[in-house]
Structure formats: structure tokens, C-alpha cells
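1. Pasting a predicted model and its sequence here:
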Amino acid sequence: MFIQTLSIIFSLVGIITIFHKNKDKIKKLKLNQHIGIIATYLATVAVATILIYYFGNWLVNKIQVEWIGNLISYSIIIIVLIGAITVMNKIISKIAPEDKSESML
């Protein structure tokens, strides 16, 4: 329970820091860009969750050796997250293009 609470607190602090650091860029966005970015984020989280949960469980359940199953499980999580973040960033850059000299993170 403590680790989960700590994780949520650090996540919220990180999100607040990113929003505060980029408040000028966020203010420049139009309403439809805000909606597009939020929809992209929610869709990315949903697809990544489904892939990790269903595909990951299906594949790991077929493996009898526990440590190999754990290794594959972590590998699936990392691969899905890298792919999801890459696709999400490409979509968001089309919704709200930014200067090459500036970065949101």
C-alpha cells in the first residue's frame, strides 16, 4: 500500500511539474487541440493496457518456467510502453506541432 501511494504521489508531482514548465505552450493550444491530445492519451493508455493485460497474460500462461515468464512479462511491458509512447508522440506532434528548438519534456 505504501509503495502504491508513493508512486501516485511521485506521478502527480511529475505531471504537475511538466504542466507548470509548459504552461505557456499549453495556453497557446486551441480547444480542439486540447481535446485531440486528451483523446490520444486516453486511447494510448487503453490500447497499452489491453495489450499488456490480454496479450501478456496469454503468452506468459503458456510458459512453464517462472523466471522466464517473468522475464517475458517485463519485456512485453517495456516493448508495449515504448511502442505506445512513440506512436502517441507522433500523433500529438501532428495535432499540435511545436518548434524544433522546444520540447515538452
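-> Here it is on my side, so go on. As the structure is a prediction and not an experimental result, all values here were calculated from the model.
2. quick check: longest helix of the protein.
-> helix 66-95 (DSSP state H).
3. Could you check how far it is from the centre of its chain?
-> 8 Å (Cα atoms, centre = their mean, to the nearest Å).
4. from here on, count from 282
-> Fine by me, first position is 282 from now on; the one you just mentioned is helix 347-376.
5. for that helix, packing partners?
-> helix 312-331, helix 337-342 (3 or more Cβ pairs under 8 Å, 6 or more residues apart in numbering; DSSP states H and E). All C-beta atoms are positioned from the backbone trio N, CA, C, and that covers glycine.
6. Lowest average pLDDT across those?
-> Ranked by mean pLDDT, these bottom out at helix 337-342, which scores a mean of 86.
7. circling back to that earlier point, between the longest helix of the chain and helix 312-331, how big is the angle?
-> 170 degrees (axes from the mean of the first three to the mean of the last three Cα atoms, to 10 degrees).
8. can I get the CA coordinates of stretch 372-381 in PDB?
-> Extracted in PDB, the C-alpha atoms of stretch 372-381 (Å, rounded to 0.1, in the frame of the first residue of the first chain):
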ATOM      1  CA  ILE A 372       0.100  11.700 -33.200                       C
ATOM      2  CA  ILE A 373       0.400  14.500 -30.800                       C
ATOM      3  CA  SER A 374       3.100  16.200 -32.900                       C
ATOM      4  CA  LYS A 375       0.600  16.200 -35.800                       C
ATOM      5  CA  ILE A 376      -2.200  17.600 -33.600                       C
ATOM      6  CA  ALA A 377       0.000  20.400 -32.000                       C
ATOM      7  CA  PRO A 378       3.200  20.900 -33.900                       C
ATOM      8  CA  GLU A 379       5.900  22.700 -32.000                       C
ATOM      9  CA  ASP A 380       9.200  24.400 -32.700                       C
ATOM     10  CA  LYS A 381      12.100  22.000 -33.100                       C
END
